[in-house]
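Novice: Kindly return the folded structure for what I paste below:
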Amino acid sequence: MSDYESAIPAHLASARTCPVRTPHNFRPPYPSYTARYDTSTTRVVLAYFGVQSISDKRHVAQEAVTGLRRQLAVAAGSPRIERARYLDERGYETEIVIGYWGNDETFNRWFTEIGSEWTAPRRHTDGIGFFVEVLHPEVRRFETLFSAVDRLEGVARISETLSGEIGEHGYWGGMRDRLPIAAASALEPSGTPSVTHDGPRTRVHPVDNLCLIRSGQDWTDADGDERALYLNDVEPVLRTGMNFLRDAGRPLGCFANRYMTVLSDDGDPLDKTFGMSWWRSLGDLERWAESHPTHVAIFGAALRYLSTLGPAATLRLYHEVTVAAADEQFFEYLGCHDETGMLASTSHRSGAALDSEVVETS
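Specialist: Numbering: from 1, shown residues only. Model prediction:
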């Protein structure tokens with residue numbers, strides 16, 4: 001694949017003890033790109049501030065979101081900010097404000113002074129829940145992939161630029177091959193999820209090498225037949241797979257899944273969605289992606305779409321995958337139901353295959 005850039009930049013490359021999964025003489029079937037960060041960037045922060053509410057409390061949630069966005073706008077380090085919304089498995093409308101920082105020192109200062117108030121016990125109100133889910137991985141522990149170079153999403157918003165065409169994509173195992181740390185680590189999980197309680201506030205302590213994937217779709221520029229093809233033939237299959245992971249993914253290693261609609265700065269829905277899934281391990285995610293009927297159906301629908309339209313397709317696809325060490329994770333929930341985010345990893349739901357222990361603290 002000498003015509004392509006490596007997904008792993010030279011300064012993050014290391015001696016490989018784990019074999020790559022690239023097929024022999026493989027050439028990618030279509031171009032894809034990855035985010036490039038300044039060599040001085042050693043760690044990034046992905047911070048998800050969520051609020052869930054039932055119908056008569058949604059005005060409280062919106063006031064909270066407005067205040068948070070104002071606080072983020074003046075946060076140290078000038079983070080990139082996004083908004084998204086979905087209706088969860090219990091019928092709660094959930095809005096998430098996402099902030100990305102290029103280092104954790106500036107995030108930690110802001111969070112200690114201001115951000116930690118998002119889940120302060122004084123905010124506890126029936127019918128509304130607040131949560132914070134934060135990863136701050138070192139740069140060897142995440143990877144990104146884009147089908148186009150003109151629109152950045154997610155953690156790539158704080159990157160310097162995108163690469164040229166890379167070779168490690170278009171085959172099963174590509175995301176592992178793009179992760180610098182996977183060159184010398186199988187990234188197996190260890191430990192079991194547990195929780196600690198502080199009054200109405202709950203903190204979740206998940207497994208080492210927890211995996212997060214955000215996989216997005218942007219059909220902003222599609223119109224006419226292409227828009228109809230995506231909305232009628234692809235999106236329903238995608239939604240079915242996302243709902244399966246939400247409702248029945250735990251025995252497969254998927255702790256939680258959200259299928260979210262991206263919002264404008266004014267809170268209006270855009271022609272963009274993404275799935276956001278917490279997985280026990282990268283291996284569990286790979287097994288679902290490669291063999292489960294729900295993902296095989298998603299993959300097939302996408303291939304039919306792309307083969308029908310060819311180079312004329314305007315649909316943009318992207319994803320980001322993070323495998324976080326235990327000390328790179330922070331999960332805190334206030335007044336949330338027990339299937340919210342990583343709380344689901346410790347609930348004893350029917351069919352759950354993953355054990356947990358609960359630790360009480362005063």
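Novice: For the chain, give me the ranges with low pLDDT.
Specialist: Along the chain, segments meeting pLDDT under 70 span 1-2, 76-78, 348-362.
Novice: Now do the helices in it.
Specialist: Under the criterion DSSP state H, the chain contains helices at 58-73, 104-113, 174-178, 224-229, 235-248, 282-291, 293-309.
Novice: And the second one, how far out from the chain middle?
Specialist: In this case it means helix 104-113. Put simply, helix 104-113 sits 21 Å off its chain's centre (C-alpha atoms, centre = their mean, to the nearest Å).
Novice: List the buried residues in it.
Specialist: Buried residues in helix 104-113, counted by 16 or more other C-beta atoms under 10 Å: 104, 106-107, 110-111. Glycine gets a C-beta too; all of them are placed from N, C-alpha and C.
Novice: Farthest-apart pair in those, please.
Specialist: 104 and 110 (10.5 Å; C-beta to C-beta).
Novice: In TSV, list the helices of the chain along with distance to residue 24.
Specialist: Supplementary listing: the helices of the chain in TSV, determined by distance: least, C-beta to C-beta, whole Å:
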stretch	distance to residue 24
helix 58-73	48
helix 104-113	40
helix 174-178	14
helix 224-229	34
helix 235-248	31
helix 282-291	19
helix 293-309	22
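Novice: out of these, deepest packed?
Specialist: Most buried of the helices of the chain by mean neighbour count (mean count of other C-beta atoms under 10 Å) is helix 174-178; its value is a mean of 23.
Novice: and it, what does it pack onto?
Specialist: Where contact means 3 or more C-beta pairs under 8 Å, 6 or more residues apart in numbering; DSSP states H and E, helix 174-178 is packed against strand 142-146, helix 282-291, strand 316-324.
Novice: now what about it, what contacts it?
Specialist: The set of residues external to helix 174-178 that reach it, using C-beta atoms under 8 Å, 6 or more residues apart in numbering, is 7-8, 20-22, 34, 143, 145, 166, 168-169, 182, 187, 282, 286, 319, 321.
Novice: Okay, residue 302 and residue 112: tell me how far apart.
Specialist: Residue 302 sits 43 Å away from residue 112 when distances are taken as C-beta to C-beta, to the nearest Å.
Novice: Can you give me the distance of the residue nearest to residue 37 when sequence neighbours are not counted to residue 41?
Specialist: Excluding the flanking residues, the one nearest residue 37 by C-beta to C-beta, 6 or more residues apart in numbering is residue 159, at 5.1 Å. Residue 159 is 8 Å from residue 41, where distance means C-beta to C-beta.
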